[in-house]
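Enquirer: Only the shape, not the letters, is given here:
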Ligand code: 13P
Ligand code: SF4
């Protein structure tokens, strides 16, 4: 019965999506049922590129607020819908524009490198954005000697410092979901699966680095697992990604480092919400034009530098 209801929902979504000329984008951490009906599932960078390139006039963004805002900033003439308004990102809310302006005033001339997990106001105060897929590359390209302020994820920042040797001033933000993953738990998993390749997201505490084979974005983890000849992988990030990994690699085994690593905000959007969003065209992402014009500059610089 549940399946029949779900099939009806999926049919209705497909019909309405066509009528509205909409595209459905989903992040790799979204519920399995949402990932399965999306036109494209990916990481923050891949989703922002898709959003910028799509011909569709309506984007239903199944992710969190900063991702839907980034899509709107890149395509202000398109209608961007976030099906559930409460789908925020606590890390993004750990930095605000006024405090960033204060920090900039204390470090005149510094390059402000901002993780896309940030508000539009904070992006508007920044020189360049990064995602977990390109942060290391972009930071390495900043001229040596230039002071760098890295906002808002201190873990991603510290992981980049450890890998590039660049000095950066780190904003004290963090992801509460990745913070739940503890070294002791990962060590236990490694003992259970000694042959497994350990793939971690760089939002994790940098202290896990000695236990990790590769730090990658969620899209990077999917690509690595697809290409690798290994059969077992310990996945050190939010567990929503396991659905896609298992679906794309039926012959391989994926072990979560911690089943506690669940982002509650990435689980808010259900199929019913996607349907309601398309029916009522809600909730439209709206931002002041002047703010979008300023926030677009560091995002575009990032997209240019990621090519
Ligand atoms: P990715 O860009 O790697 O998908 O990460 C986004 C995110 O919010 C991780 O917590
Ligand atoms: Fe934000 Fe962490 Fe959730 Fe990603 S996993 S959306 S950084 S709270």
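Expert: Thanks, I have it. Please read these numbers as outputs of a predicted model, since none were measured by experiment. Residues are numbered from 1 along each chain as shown. Ligands and ions are numbered 1, 2, ... in the order given.
Enquirer: residue ranges for the helices of the stretch 51-200 of the chain, please.
Expert: Assigned by DSSP state H, counting those that start in this stretch, the helices in the stretch 51-200 of the chain fall at 65-74, 97-106, 120-124, 135-141, 154-164, 176-179, 183-192.
Enquirer: and the residue nearest to residue 249 when sequence neighbours are not counted, what does it touch?
Expert: Closest residue in space to residue 249, ignoring its immediate chain neighbours: residue 225 at 5.6 Å, by Cβ to Cβ, 6 or more residues apart in numbering. The way it works is simple: take the backbone N, C-alpha and C, and place the C-beta from them, glycine included. With contacts defined as Cβ atoms under 8 Å, 6 or more residues apart in numbering, residue 225 is in contact with 199, 233, 245, 248-249, 252, 254.
Enquirer: Which pair of the residues you listed spans the longest distance?
Expert: 199 and 248 (13.9 Å; Cβ to Cβ).
Enquirer: Those two: which has the busier surroundings?
Expert: Counted by other Cβ atoms under 10 Å, residue 199 and residue 248 do not tie: residue 199 has more neighbours, with 27 against 12.
Enquirer: quick one: contacts for that one?
Expert: Applying Cβ under 8 Å, 6+ apart, the residues near residue 199 are 212-214, 216, 221, 224-225, 233-237.
Enquirer: What subset of these is buried?
Expert: Buried residues within the contacts of residue 199, counting neighbours by 16 or more other Cβ atoms under 10 Å: 212-213, 216, 221, 224-225, 233-237.
Enquirer: Max pairwise distance over the residues you listed: which two?
Expert: By the measure Cβ to Cβ, 212 and 225 form the most distant pair in those, at 14.6 Å.
Enquirer: Identify each of the helices in the stretch 201-307 of the chain and give its residue range.
Expert: 218-227, 241-248, 271-280, 289-305.
Enquirer: phi, psi of residue 87?
Expert: The phi/psi pair for residue 87 (degrees, to the nearest 10) reads phi -80, psi 70.
Enquirer: how close does it sit to residue 114?
Expert: 20 Å (Cβ to Cβ, to the nearest Å).
Enquirer: And for residue 101?
Expert: Taking Cβ to Cβ as the measure, residue 101 falls 13 Å from residue 114.
Enquirer: do the same with residue 243
Expert: Distance from residue 243 to residue 114, by Cβ to Cβ: 29 Å.
Enquirer: between those two, which one's more packed in?
Expert: Legend: neighbour count by other Cβ under 10 Å for residue 243 and residue 114, higher for residue 114 (28 against 20).
Enquirer: which strand residues sit across from the more buried one in the sheet?
Expert: Taking DSSP bridges, one obtains residue 129, residue 151 as the residues bridged to residue 114.
Enquirer: what residues are up against it?
Expert: 122-123, 125-126, 128-130, 150-152, 298 are the contacts of residue 114 under Cβ under 8 Å, 6+ apart.
Enquirer: Same question for residue 176.
Expert: By Cβ under 8 Å, 6+ apart, the neighbours of residue 176 are 90-91.
Enquirer: Residue 184 is nearest to which of the helices of the stretch 201-307 of the chain?
Expert: Of the helices of the stretch 201-307 of the chain, nearest to residue 184 by Cβ to Cβ is helix 241-248, at 21.0 Å.
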